[in-house]
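# Okay, here's the prediction I keep looking at, along with the sequence it came from:
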Amino acid sequence: DTGVSQNPRHKITKRGQNVTFRCDPISEHNRLYWYRQTLGQGPEFLTYFQNEAQLEKSRLLSDRFSAERPKGSFSTLEIQRTEQGDSAMYLCASSLDGTDEAFFGQGTRLTVV
Amino acid sequence: RKEVEQDPGPFNVPEGATVAFNCTYSNSASQSFFWYRQDCRKEPKLLMSVYSSGNEDGRFTAQLNRASQYISLLIRDSKLSDSATYLCVVNWGAGKSTFGDGTTLTVKP
């Protein structure tokens, strides 16, 4: 399967713990995006990478959230000191440079208890 | 007011019906537009891009009206398998995109 891959698919964590999610984009895609989606809402933009450079960050991305894409390939999203309000589906997407047609991974569903 | 607004529905239609969804956007600098389909508890999947001249893909037709800042999606001859949530997406630069909250369609036998 050469699509966008996200791991883990599900994560249950206790409030206050740190979690890290991984995204492997489609191999030739140099644009990578992270979104968060809650029930009944559309995906909300969190951050955007072009190769290894993080070029955009949403105001939604508090200082507890950090994302990296160290070699311009896979990316990680870390949430520190998780809160119940962080419970959501975290979606990663990628696209080719010069196009906005993004392809999504299956997401990581986070539940904070 | 949200940057991208969609009628949440639900739209309940019989098989074979024609159904249309609208989406309005507020950022006049928006550059590209898309419709995505999302099945329950699945990831969004690109349905089609939307071009100024309008474009068609089988039973699906997308239109863009820049002057009025809205895009539309028309589905003809609805199938049971068209039941899903349809998300409107507006981009105004690299990495700058906003999704609507989606319109839910249920096609019934």
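It's in. The shown structure was predicted, so the numbers you read here are calculated from the model rather than taken from an experiment.
# Specify the beta-bridge partners of residue 32.
You didn't say which chain, so I picked chain A. According to DSSP bridges, the partner residues bridging residue A:32 are residue A:49, residue A:94.
# nope, chain B please
In this entry, residue B:32 is beta-bridged to residue B:91, by DSSP bridges.
# and the gap between it and residue B:106?
29 Å (CB to CB, to the nearest Å). C-betas here are computed from N, CA, C, even on glycine.
# Between these two, which is the more surrounded one?
Each of residue B:32 and residue B:106 had its neighbours counted (other CB atoms under 10 Å in any protein chain shown), and the higher figure belongs to residue B:32 (17 against 14).
# got the contact list for the more buried one?
Contact analysis of residue B:32 by CB atoms under 8 Å, 6 or more residues apart in numbering or on different chains lists A:100, B:49-50, B:90-91.
# Quick check, pLDDT for it.
You'll see residue B:32 listed with a pLDDT of 91.
# Could you pick out the residues of chain B near chain A for me?
By the rule CB under 8 Å from any CB of the partner chain, the part of chain B lying against chain A is B:4, B:8, B:31-32, B:34, B:42-46, B:49, B:87, B:91, B:94-102.
# From these, keep the buried residues only.
Buried subset of these (neighbour count, 16 or more other CB atoms under 10 Å in any protein chain shown): B:4, B:32, B:34, B:43-44, B:46, B:49, B:87, B:91, B:94-102.
# Pretty sure residue B:7 sits against residue B:24.
No. Counting by CB atoms under 8 Å, no contact exists between residue B:7 and residue B:24, whose distance comes to 9.7 Å.
# what about those two, which has more around it?
Legend: neighbour count by other CB under 10 Å for residue B:7 and residue B:24, higher for residue B:24 (19 against 15).
# same for the host helix or strand of the more buried one, what does it pack against?
If you go by DSSP states H and E, residue B:24 is part of strand B:19-25. Using 3 or more CB pairs under 8 Å, 6 or more residues apart in numbering or on different chains; DSSP states H and E as the contact criterion, the elements in contact with strand B:19-25 are strand B:4-6, strand B:11-14, strand B:70-75, strand B:84-93, strand B:103-108.
# Could you export the ones you listed as JSON lines, including mean pLDDT?
Written out in JSON lines, the entries for these read as follows (pLDDT from 0 to 100):
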{"stretch": "strand B:4-6", "mean pLDDT": "95"}
{"stretch": "strand B:11-14", "mean pLDDT": "96"}
{"stretch": "strand B:70-75", "mean pLDDT": "96"}
{"stretch": "strand B:84-93", "mean pLDDT": "93"}
{"stretch": "strand B:103-108", "mean pLDDT": "97"}
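# Out of those, indicate the one that is most buried.
Looking across those with neighbours counted as mean count of other CB atoms under 10 Å in any protein chain shown, the highest average goes to strand B:84-93: a mean of 22.
# and the next helix or strand after it, what other elements does it pack with?
As assigned by DSSP H and E, the chain's next helix or strand after strand B:84-93 is strand B:96-99. The contact analysis (3+ CB pairs under 8 Å, 6+ apart) places strand B:96-99 against strand A:44-50, strand B:84-93.
# would you list these in CSV and tack on distance to residue A:19?
Compiled in CSV, those are given as follows (distance: least, CB to CB, whole Å):
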stretch, distance to residue A:19
strand A:44-50, 14
strand B:84-93, 26
